[in-house]
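Chemist: This is a predicted model, with the sequence first.
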Amino acid sequence: MASCCYPEEYGGFFNAREAARVVRRYLERGLSGTGLDVAEGLTARGIEGKTVLEVGGGAGQILAEMLRRGARSGVSIDLSPQWEGPAHGLLEKLNLADRVEHRTGDFVDEAADLPGFDAVIMHKVVCCYPHWREMLDAAMSLEPGLIAMTMPRERTTTKAFFAAWNGLMKIRGKSFRVFVHAHQPMLDRMSGYRVVGDRASPIWRTAVLERTAVPDEIG
């Protein structure tokens, strides 16, 4: 399928300046918020020696943290080419650059060319993608033992904020949109996985799912 997330516009919102800010904050303070929820949720299920893919890897701070916590190697894929330079710079400062591969593109389109992974991270990316079924199917096609996913909570205030954002984008003539997808249909879609970690903030929910059946057993 063709990319549906308007990478040019995505790169405009998630640009090198924003990436530099994220890197600086991570180096000064470490992970916080939902990024920390992802790292702690995966660490609790065992990340030592494992391979990790981060979809929408951005500035690379979560993937870097997983490597520092014992993951063997990682791949970051992001729609915006402007994140790669700051992300690589962060990894170089931490002496981790040789353990991460960066790719630019739409994960759903690129998944067929990716190897399998032990863990897949989707931190605040489902909300930027209209076709959540395709995204989750792509993640499961890599047969990870663990999937960590951060998604907007289904609250009236969150939906109102996202609607206001989309309205502003429409006024500005932009096609980029954000989404509050219903959680239960997404979790139901992930047949063969069960939620083993679940944390919520006022806006976000981070769920860690563990595979309970090998692909041939999933039916």
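Modeler: All right, it came through fine.

Chemist: Can you give me the buried ones in stretch 40-51?
Modeler: By neighbour count on 16 or more other C-beta atoms under 10 Å, the buried set for stretch 40-51 is Glu40, Gly41, Leu42, Thr43, Arg45, Ile47, Lys50, Thr51. From N, CA and C alone the C-beta is placed, and that goes for glycine too.

Chemist: nearest to Gln82, of the residues you listed?
Modeler: For the buried residues of stretch 40-51, the minimum distance to Gln82 (C-beta to C-beta) is 25.5 Å, reached by Thr51.

Chemist: May I have the phi/psi pair for the closest one?
Modeler: For Thr51, the backbone dihedrals are phi -90, psi 140 (criterion: degrees, to the nearest 10).

Chemist: now do Glu101
Modeler: The phi/psi pair for Glu101 (degrees, to the nearest 10) is phi -110, psi 130.

Chemist: Look up which residues are beta-bridged to it.
Modeler: Note on Glu101: beta-bridge partners Val75, judged by DSSP bridges.

Chemist: measure it to Gln61 for me?
Modeler: In this view, Glu101 and Gln61 are 17 Å apart by C-beta to C-beta, to the nearest Å.

Chemist: Take the longest helix belonging to the chain, keep the C-alpha atoms, and write them as CSV.
Modeler: For the chain, the longest helix by residue count, based on DSSP state H, is helix 156-171. The C-alpha coordinates for helix 156-171 follow below in CSV (Å, rounded to 0.1, in the frame of the first residue of the first chain):
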residue,chain,number,x,y,z
THR,A,156,-13.5,13.3,26.1
THR,A,157,-10.8,15.9,26.8
THR,A,158,-8.2,14.0,24.7
LYS,A,159,-10.7,13.6,21.8
ALA,A,160,-11.5,17.3,21.9
PHE,A,161,-7.8,18.2,21.8
PHE,A,162,-7.1,16.0,18.9
ALA,A,163,-10.2,17.3,17.1
ALA,A,164,-9.0,20.9,17.6
TRP,A,165,-5.6,20.0,16.3
ASN,A,166,-7.1,18.4,13.2
GLY,A,167,-9.3,21.4,12.7
LEU,A,168,-6.2,23.7,12.8
MET,A,169,-4.4,21.4,10.2
LYS,A,170,-7.4,21.6,7.9
ILE,A,171,-7.5,25.4,8.1
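
Chemist: And that helix, what's buried?
Modeler: Neighbour-count burial for helix 156-171 [16+ other C-beta under 10 Å]: Thr158, Phe162, Met169.
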